[in-house]
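Undergrad: Generate a structure from the sequence data that follows.
(chains A and B)
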Amino acid sequence: MTINYSEKIPNNVNLGEDRTLQRALEQWQPNFLSWWDDMGPEGSTNFDVYLRTAISVDPQGWAQFGHVKMPDYRWGIFLNPGEQDRKIHFGDHKGEAAWQDVPGEYRANLRRIIVTQGDTEPASVEQQRHLGLTAPSQYDLRNLFQVNVEEGRHLWAMVYLLHRYFGRDGREEAEALLERRSGQEDNPRILQAFNEQTPDWLSFFMFTYFTDRDGKFQLCALAESSFDPLARTTKFMLTEEAHHMFVGESGVGRVIARTCQMMNELKTDDAKKLRAAGVIDLPTLQRYINFHFSVTVDLFGADESSNAATFYSTGLKGRYEEGKRVDDHQLRGQTYKVLAVENGALVEREVPMLNALNEVLRDDYIKDSVAGVERWNKVIEKAGIPYRLKVPHKAFHRNIGALAGSKISPDGRVVSEAEWAAKKDEWLPSDSDRAFVGSLMGRVVEPGKFANWIAPPVMGINRQPVDFEYVRFG
Amino acid sequence: MDMAVNVIRQHLIDPEICIRCNTCEAICPVQAITHDSRNYVVDAEKCNLCMACISPCPTGSIDNWRTMPKVRAYGTAEQLEWEVLPPELTSEELTEAGVAASEVPASEPSPPSLVAAAEGETSFNSAQYGATVAPWSAAHPYANLYGPKAAEKSATATVTGNVRVTEVGKDYDTHHIVLDFGAMPFPVLEGQSIGIVPPGTDERGRPHHPRQYSIASPRNGERPGYNNVSLTIKRVLEDYSGTPVRGVASNYMCDLKVGDKVEVIGPFGTTFLMPNHPRSHVVMICTGTGSAPMRAMTEWRRRLRASGKFEGGKLMLFFGARTKEELPYFGPLQSLPKDFIDINLAFSRTAGQTKRYVQDLMRERAADLAALLADSNAHFYVCGLKAMEEGVVLALRDVAVKSGLNWDTVAADLKKQGRLHLETY
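TA: The predicted model follows:
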């Protein structure tokens, strides 16, 4: 499984043996690079960034560190090693051999899944392209760029599948992935959360914590797929995705740590005083959590979905950790509880589990998200401050599924339009919150220095010191 | 030594820093890492200290170690309850537990493959150090004049010489072959290579793939003023794993007679080229037939020197083979003046002598190499079997580090300035 670096496109899929595919991808490559030039991190072309590059998919090879210019990053195609005689382990085809090619009857659905996943990768790069101008430190700038290049590589991973297995349609979809633009009205990205702006670093950390975690769960579900190349490619993507989770979790954690430190110094929890001291008060952080959490849980789709049932039964997309679950892996006749509003109150309804698989994945996601928020609370607790952050109720601020349109408070009460309007700014970041956070954003580039609103990390990247020169400006 | 069994460096994960991403658990080859809804933990009974989990961890939380009496190693149930890592046991506590100070391991284990790697690196990728640009004073190369995408698919050359250059009687059979292009243009530079298309078809009835060989002669011809090139070709009788295989192209070439016609494509290569400015130094490191481009460069510098019109810099050669008998061009090399070229030969299989590799010689010559590494007029060329590349680049790095140079800076300069060229196969 060594990666062939002598070729234009580094890969471990013997690309050189399939000249047609190689040529097609080599034609796509300049378009990708020109997309990166247009929409990649602004003004960063000449920076030497301390990046992690995969040179093989084994533990020693996929975390190689060195200073590289981002346009020279070796984006390529890496699949986890195949498992010999892998069998389908869920759905109607359970027990049959995993597919090495796309079955004709599932072609359209698989293509749709891959395109939807692939579309999020360049979208987040586009959303984050201005952030480099206001980085709170070199360390954070480096982390942003690492996230960006890996999103780019994830796009490659999906494009490889499209080119390799979906013929002309696949090639056209691969082109379209470079043509849509986050937030552009006439040609937006497919999922709404990826058309929102990432205007400041707090949003970026929240996005990488909450929204990239959606990516993790989607990838985990696809890593179970009966379509073996999709399973293998998403497995490797997950190893990279872990870095994005880290950036989010540690980023928000460091913001909290700095705020708590200031609260103790000034002996106050007055948001006004804290803001005057240049840190982000905890209630504002809570509102950001409410926003990013609710927007992200929408990404899992409608709570009842016949598509979700089809994707599962036909073996295209499993559940999170499907292989570790002990049930019949077919789920016929089983039920699951979903939420609905009836007579002005939230109620639980039992629905066929197959139709509720989006909800199953959403609940797994929520469990994972909550655990990290609890770790943030540890930071607050350690500082001796009686305040707890929490994720809002999963029905709060929903725009997709049965709860769309209902007004529900963060603690899960159905509220009136009037109450919603009155409380909205307590529950979600207001324009003035965003303006305040925006006002803190200034660029800090001296090695080892950090913006006032965020604490330094406890350790550097790859055992390097915190004041290491993570980015060398050209 | 059996006392050491009583004390271990226990591998632990810092629950305050870990983000529970599952990467370590997914990657652990012996399922030593498990988790519950709170923590990820390492089972000291199962962990074999292979370190596969260390570099993939995005947070660094994985890299924590505690000296523990083996019987008191933290169990997984205990670790699952942790909110913070326990502190190291003090020496008093260790003594109390019956552990003598001399038993305490100095540091955490490191995986065997990482032994040579410098601190802060996970493993070593020599290929990343190779330049992708030619030295600034390289001559402009012509490339791909003949080939599937060129106007002319191939050129025909005539064999004008075929001499065995390793001693007869050994199974190691290397030939020096001269090809003449007559009136066909085939301009080459030292360091470039050409492709030979063996006649006939393979077992599936398709034409053979062309095989690439480095040119062993200088730009103005094997015989100065003639339109010819020479190649160094080793007869392939077994593959990398030692299975007997007759190399199609090498056997074809080694068996050629003077006057035979050969189909050629190329030339290839636009970066592995020598510097041409006065007082520029060339360091050549090669094994076996990797000597071909080194011979070409040496010969060109020899001709320039003979002309009296060029002030060359240092030439330094590190040349390795299994035995003296296998060194192509061994005789002629020895007769070059010492003040012209500094030759270092290594033999890895000479009976009665310890094995020596080119990197051993390089370390011995560290003082000279360090000065050259720091000199922007010095250019390094490595050619030979793939297996040598890592050792050679590591040796360069050690030389740099030991002499107080910053390897990262040196390596970046070597690459950026087209001063380190790797060609291995």
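Undergrad: Please count neighbours and contacts with C-alpha atoms only from this point.
TA: Will do.
Undergrad: Check whether stretch A:125-143 comes near chain B.
TA: No. Residues of stretch A:125-143 are not located near chain B by C-alpha under 8 Å from any C-alpha of the partner chain, the shortest gap being 10.7 Å.
Undergrad: which intervals of the chain have sub-threshold pLDDT?
TA: Looking at chain A here, since you left the chain open. By pLDDT under 70, the weakly predicted segments of chain A are A:1-6, A:60.
Undergrad: Can you look at chain B instead?
TA: Residues of chain B that meet the cut-off, pLDDT under 70, sit at B:1-5, B:98-124, B:168-171, B:240-242, B:329-332.
Undergrad: can you list the domains in it?
TA: B:2-111, B:126-137+B:271-424, B:155-268 (automatic domain parsing).
Undergrad: Which one of those domains lies nearest to chain A?
TA: Using C-alpha to the nearest C-alpha as the measure, domain B:2-111 is the one of these that comes nearest chain A, at 5.1 Å.
Undergrad: can you redo the domains of chain B as TSV with mean neighbour count and distance to chain A?
TA: Below are the domains of chain B laid out as TSV (neighbours: other C-alpha atoms under 10 Å in any protein chain shown; distance: least, C-alpha to the nearest C-alpha, whole Å):
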stretch	mean neighbour count	distance to chain A
domain B:2-111	17	5
domain B:126-137+B:271-424	19	9
domain B:155-268	18	13
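Undergrad: next SSE after the helix or strand encompassing residue B:252?
TA: Using DSSP states H and E, the element containing residue B:252 is helix B:248-254. Using DSSP H and E, the helix or strand that directly follows helix B:248-254 along the chain is strand B:261-268.
Undergrad: so what does that following strand touch, helix or strand wise?
TA: Under the contact definition 3 or more C-alpha pairs under 8 Å, 6 or more residues apart in numbering or on different chains; DSSP states H and E, strand B:261-268 sits against strand B:155-164, strand B:193-197.
Undergrad: can you list the residues that contact it?
TA: B:142-147, B:153-159, B:186-188, B:192-199, B:210 (C-alpha atoms under 8 Å, 6 or more residues apart in numbering or on different chains).
Undergrad: Next SSE downstream of that strand?
TA: Where DSSP H and E defines the elements, the next helix or strand beyond strand B:261-268 is strand B:281-287.
Undergrad: List the contacts of the one residue in the stretch 151-300 of chain A that gets nearest to chain B.
TA: Closest approach between the stretch 151-300 of chain A and chain B, counting by C-alpha to the nearest C-alpha: residue A:243, at 5.1 Å. The neighbours of residue A:243, taking C-alpha under 8 Å, 6+ apart as the test, are A:147, B:58, B:59.
Undergrad: does it belong to a helix or a strand, and which?
TA: For residue A:243, the host element (DSSP H and E) is helix A:228-266.
Undergrad: in that helix, what's buried?
TA: Residues of helix A:228-266 classed as buried: A:228-263 (neighbour count, 16 or more other C-alpha atoms under 10 Å in any protein chain shown).
Undergrad: how far does that helix sit from the chain's center?
TA: How far helix A:228-266 lies from its chain's middle: 10 Å, per C-alpha atoms, centre = their mean, to the nearest Å.
Undergrad: Put together TSV for the helices and strands packed on strand B:261-268, with distance to residue B:252 on each row.
TA: Formatted as TSV, the entries for these read as follows, by distance: least, C-alpha to C-alpha, whole Å:
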stretch	distance to residue B:252
strand B:155-164	12
strand B:193-197	10
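Undergrad: Going along the chain, name the helices of chain B.
TA: Listed from the start of the chain, chain B has helices (DSSP state H) covering B:23-27, B:76-80, B:91-96, B:248-254, B:291-307, B:330-334, B:358-364, B:366-373, B:386-402, B:407-416.
Undergrad: Quick check: which of these is nearest to residue B:321?
TA: For the helices of chain B, distance to residue B:321 was read as C-alpha to C-alpha. The smallest value, 8.8 Å, belongs to helix B:358-364.
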